[in-house]
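> I would like the atomic coordinates for the input below:
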Amino acid sequence: MAPDEAAGQVPTVFPQVGVPSAAVDGYLRASGIDVLHYDLALDLPAKGQAITARATILYEAVLSGIDSLALDFGPMTVDSVHVDGATVPFRHAEGKLVVRFPPSPAEGRREATVWYRGEPEDGLVVSENRHGGV
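Residues are numbered from 1 along each chain as shown. The predicted model follows:
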């Protein structure tokens with residue numbers, strides 16, 4: 001246990017910008033972005049494995065000049081990406097999706113929406129995750 005956890009404090013993953021993390025899970029994080037909420041919508045087929053889906057991510061820039069958002073995304077086909085309702089360019093390669101947009105001011109909230117489709121690599125499994133959620 002880290003010293004700050006022992007003292008009952010929320011650990012800070014990036015102390016230089018003060019972004020607290022509810023769980024220190026080892027994932028690399030973008031130091032200038034604080035994700036506030038994820039909203040996923042899946043259209044499941046009656047037959048077959050192919051799905052269509054939408055992921056909406058509400059985030060806040062904690063540093064000025066942030067102009068991209070990188071996401072672990074896997075092999076699904078990305079049809080389009082919007083930031084605050086405007087279509088933006090993106091690059092999807094080797095399981096990473098990088099979304100580009102005009103630079104954000106510090107403390108500027110934005111909403112990115114990714115429309116995608118395909119067959120999940122390991123199938124679609126609904127179960128409890130390692131944090132206890134479904």
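> what ranges of the protein fall below the confidence cut-off?
When residues are selected by pLDDT under 70, those of the chain lie in 1-30, 125-126, 133-134.
> so the residue nearest the centre of the chain: helix, strand or coil?
For the chain, the residue nearest the mean C-alpha position is L71 (5.3 Å; CA atoms, centre = their mean). Local secondary structure at L71 is given as strand here, using DSSP: H, G, I helix; E, B strand; the rest coil.
> any idea how far it is from P45?
From L71 across to P45, the span is 24 Å (CB to CB, to the nearest Å). In short, each C-beta sits where N, CA and C put it, glycine included.
> what's the residue nearest to the centre of the chain in contact with, if anything?
Under the criterion of CB atoms under 8 Å, 6 or more residues apart in numbering, the contact list for L71 reads 57, 96-99, 114.
> among the residues you listed, name the buried ones.
For those, burial is judged from neighbour counts taken by 16 or more other CB atoms under 10 Å, and it is met by 57, 97, 99, 114.
> list just the nearest of those residues to H82.
Nearest to H82 among the buried ones among the contacts of L71: V114, at 8.2 Å, using CB to CB.
> using the three-state scheme, assign that closest one.
Three-state call for V114 (three-state DSSP): strand.
> in contact with it, which residues?
54-57, 71, 73, 78, 80-81, 97, 99.
> rerun at 10 Å
V114 is in contact with 40, 53-57, 69, 71, 73, 76, 78-82, 90, 92, 97, 99, counting by CB atoms under 10 Å, 6 or more residues apart in numbering.
> looking at the residues you listed, which are in strands?
Using DSSP state E to define strands, the subset of the contacts of V114 located there is 40, 53-57, 69, 71, 78-82, 90, 92, 97, 99.
> and stretch 95-112, what's buried?
Counting neighbours by 16+ other CB under 10 Å, the buried set in stretch 95-112 is 97, 99, 101, 104, 110, 112.
> closest one to S127 out of these, please.
When these are compared for distance to S127 (CB to CB), L97 comes out closest, at 24.1 Å.
> thinking that closest one is in contact with S80, fair?
No. L97 lies out of contact with S80 (CB atoms under 10 Å); the separation is 11.7 Å.
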